[in-house]
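Trainee: I would like the atomic coordinates for the input below:
(chains A, B, C and D)
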There are 2 protein chains.
Amino acid sequence: MASGRTSTAAPAAGKPATIYDVARRAGVSPATVSRAMRDTAPVAVDTRRRVAEAMTELRFVPSRLGVSLAEGRHAANGIVFPDLAGPYFAEVVLGYEEQAGELDRSVIILSTHGRAAPRAKVLDLAGRVDGLVVLGRAVGDDVVGEVIASGLPVVTLARPPISGADAVSADNQHSATALGRHLAAHGYTRVVLLGDPQDSPDVAHRWAGVRAALVDAEPPAAVVEEVRSNGFDVAAGHRAAAAVFASGSSRPVAVVCANDEIALGALEAAEDAALAVPDQVAITGWDDIMAARWAGLTTVCQPMRELGALAARMLDDRIGRAGAGDRRELLPTELVLRTSCGHHS
Amino acid sequence: MASGRTSTAAPAAGKPATIYDVARRAGVSPATVSRAMRDTAPVAVDTRRRVAEAMTELRFVPSRLGVSLAEGRHAANGIVFPDLAGPYFAEVVLGYEEQAGELDRSVIILSTHGRAAPRAKVLDLAGRVDGLVVLGRAVGDDVVGEVIASGLPVVTLARPPISGADAVSADNQHSATALGRHLAAHGYTRVVLLGDPQDSPDVAHRWAGVRAALVDAEPPAAVVEEVRSNGFDVAAGHRAAAAVFASGSSRPVAVVCANDEIALGALEAAEDAALAVPDQVAITGWDDIMAARWAGLTTVCQPMRELGALAARMLDDRIGRAGAGDRRELLPTELVLRTSCGHHS
DNA sequence: TTGTAGGCGTTATCAC
DNA sequence: GTGATAACGCCTACAA
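Mentor: Here you go, the predicted model:
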């Protein structure tokens, strides 16, 4: 026992054990402990056993910080989005988290809450992750550009593609056209668009598609007005629609809304104004959130979950390969006909 | 210029600049750069300027890993939840993120997706944060206990309090009683409870409250059956309710559901079975999600956002103070009467 | 006011 | 197989 004095080594006190504590306890070097843990090189069975024992006795858990610093990676990805209110973003984030989890990456979220200047927060986030996805108008092109320039892999989601980043979005074009045609087929000729195209690239695309389908219809229909909703929630939709309905004589026959929540607000406003839907006004939404089914809202279904999951996979890919070209992906959408746009026999 | 050779120092290549690069460039020591950045000690104006210049020229951004390792903190908090599907958890997480953001902490999320054994993932998460909130039945008491034992501050949310952790939840008792009374007042005497109390502590409390109110009513009503929904989503509710309605003769007159999504499913099942709501069956939910308003669902409104925000604040507190006693907080809820539980004049 | 040096906890490269 | 030792990037006493 001369060489003894073994196994007395204990970590400072309440503080967590380090790899050095384990090494001392097992009578080996820290390097060996690391190898034994990670199976990164052959270790004698006996040594391995002693290390394992020391680890459990000391309840050793490697410090994430130490590992990350040494490995040069965070094993975490970030996602920035405008808000989590409303089902849309939540579903996308969920799809993202699920896929990222399978790829063994933690997910750090950052919501800009519609507020301005999240630059600092975005940059901070960028420093905590191996890659970032930017959802919608969560942050300006300038900031995204900055992040890309810093060398961080970036994937944009539901947002105009940026050079140097991959992009995934839903196929707004297809369903916008289908929706426009459908409304024209119902015989509506006067439609108003309710939303904020300048706040959401997606919406701008939808509007363009609807407009085109309308004028191409036979007989041709047209957008008579485009009004800002100043927001994408139910309250905003309610206010904006109320204003539209109040302008009496020029009352439209169809109100196409930028998303379901605005449409739900419009439905409320119609009720307030004693306007029957769809007999006196047709109203449509976008996203197919859960409430839409119960409100009888005609809308467009997007694969929200899958959008998030795909973004996660693309980001993971991009982190792997160094700097190949930019990928662009488009996911299909589908028009969901219910009663708010008119009667279907 | 003999002492020259200044300001040529550049970071290795494409790699980000370190504090050493900046120091060399500004002709000072790393320590001074740190002090200048953090205002942690007086620095001569001239020195400060030179440092600032060097920083911008080199686009220096302190490495989060380096800072965290040195500071001994992550400046990040975690939250584990069962799922983000459905509005409830999403809203809570949003409230949490918002508050955490104001406290200058990043948020790392982890969904267990109902799946089992997230132990490893939870422990990994625990190693990345300064504190953790556990939402609902996201993870077993054993694992939570392990995390607490490791010394990490923990706050539980909508889950039975655990010694060593703070706890916040909604006041299920109050509204459960109100709901039970209301149903009894409608004259219903046969009610069935639809949900999985063993999967959600919240639900167990609600059931207890409803039962108590029912038997205390005059004339006394009672729960005739308690059926498992095997899940908390619309599909689960639909299946379970269909089974209930199929058992012909013993048809209940009121179905109290564990949450709104189950209730929505029950509403669908009632429609399938050609049962009029509320004339032939009354149906109630819980949470007051957006769809509830459109489905005319009687339910209970919880301050979901505020639950998350409060948890964030309590966690931040707990990280500050060392090991004071455990706090317990209860947030109020409110019964929301709509048409699914019966006619109101 | 500023510099020096040690520490935070791991991984990985060399030798042995 | 295993052990030194040098990174990784920053902060902060301690000295000067």
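
Trainee: list, one by one, the residues from chain A near DNA strand D.
Mentor: Near DNA strand D, the residues belonging to chain A are A:27-32, A:35, A:41-44, A:46-48, A:69-70, A:72 when assessed by CB under 7 Å from any atom of the strand. (Glycine included, C-beta is placed from N, CA and C.)

Trainee: out of those residues, which are buried?
Mentor: The neighbour-count criterion (16 or more other CB atoms under 10 Å in any protein chain shown) marks A:Val28, A:Thr32, A:Arg35, A:Val43, A:Thr47, A:Arg48, A:Leu69 among the residues of chain A next to DNA strand D as buried.

Trainee: phi first, then psi, for the closest residue to A:Gly127 other than its chain neighbours.
Mentor: Taking CB to CB, 6 or more residues apart in numbering or on different chains, and ignoring the residues beside it in sequence, A:Gly127 has B:Arg64 as its nearest neighbour in space, at 4.0 Å. Summarising the backbone geometry of B:Arg64 under the convention degrees, to the nearest 10, its torsions are phi -60, psi -40.

Trainee: any idea how far A:Asp124 is from B:Arg64?
Mentor: 7 Å (CB to CB, to the nearest Å).

Trainee: pick out whichever of the two has more residues nearby.
Mentor: In this view B:Arg64 and A:Asp124 are compared by other CB atoms under 10 Å in any protein chain shown, and B:Arg64 has more residues nearby, 21 against 18.

Trainee: now do the strands in chain A.
Mentor: Taking DSSP state E as the criterion, chain A carries its strands at A:76-81, A:106-111, A:132-135, A:154-157, A:166-170, A:190-194, A:222-227, A:254-257, A:282-284, A:299-301, A:328-331, A:334-336.

Trainee: which of those strands comes out lowest on mean pLDDT?
Mentor: Between those, the lowest average pLDDT goes to strand A:222-227, which shows a mean of 87.

Trainee: need the strands of chain A in a markdown table with mean neighbour count, can you?
Mentor: As requested, the strands of chain A are exported to a markdown table (neighbours: other CB atoms under 10 Å in any protein chain shown):
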| stretch | mean neighbour count |
| --- | --- |
| strand A:76-81 | 27 |
| strand A:106-111 | 24 |
| strand A:132-135 | 28 |
| strand A:154-157 | 27 |
| strand A:166-170 | 24 |
| strand A:190-194 | 23 |
| strand A:222-227 | 15 |
| strand A:254-257 | 30 |
| strand A:282-284 | 28 |
| strand A:299-301 | 23 |
| strand A:328-331 | 14 |
| strand A:334-336 | 17 |
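
Trainee: just to revisit the earlier point, keep only those of the residues of chain A next to DNA strand D that are also close to chain B.
Mentor: Here is what survives when the residues of chain A next to DNA strand D are matched to chain B using CB under 8 Å from any CB of the partner chain: A:Leu69.

Trainee: so which of the residues of chain A next to DNA strand D are in helices?
Mentor: For the residues of chain A next to DNA strand D, the ones inside helices are A:Pro30, A:Ala31, A:Thr32, A:Arg35, A:Asp46, A:Thr47, A:Arg48, A:Leu69, A:Ala70, with DSSP state H as the criterion.

Trainee: could you work out the most separated pair of these?
Mentor: Considering CB to CB, no two members of those lie farther apart than A:Asp46 and A:Leu69, which are separated by 31.0 Å.

Trainee: any weak-confidence spans in the stretch 51-200 of chain A?
Mentor: A:84-85, A:114-117 (pLDDT under 70).

Trainee: try 90 this time
Mentor: Where the stretch 51-200 of chain A drops to pLDDT under 90, the residues are A:82-90, A:112-119, A:136-140, A:187-190, A:198-200.

Trainee: all helices for it, in order.
Mentor: Assignment of helices within the stretch 51-200 of chain A using DSSP state H, counting those that start in this stretch yields the ranges A:64-71, A:87-102, A:119-126, A:141-149, A:172-186.

Trainee: can I see the domain layout of chain A?
Mentor: Under the assignment automatic domain parsing, the domains of chain A span A:19-70, A:76-168+A:304-331, A:172-303+A:335-341.

Trainee: which one of the ones you listed lies nearest to B:Ala269?
Mentor: Proximity to B:Ala269 (CB to CB) singles out domain A:172-303+A:335-341 among the domains of chain A, at 14.3 Å.

Trainee: ends of the closest one, what's the gap?
Mentor: Taking CA to CA, to the nearest Å, domain A:172-303+A:335-341 runs 19 Å from one end to the other.

Trainee: ok, now which ones touch A:Arg190?
Mentor: By CB atoms under 8 Å, 6 or more residues apart in numbering or on different chains, the residues touching A:Arg190 are A:Ala221, A:Ala222, A:Val224, A:Pro252, A:Val253, A:Ala254.
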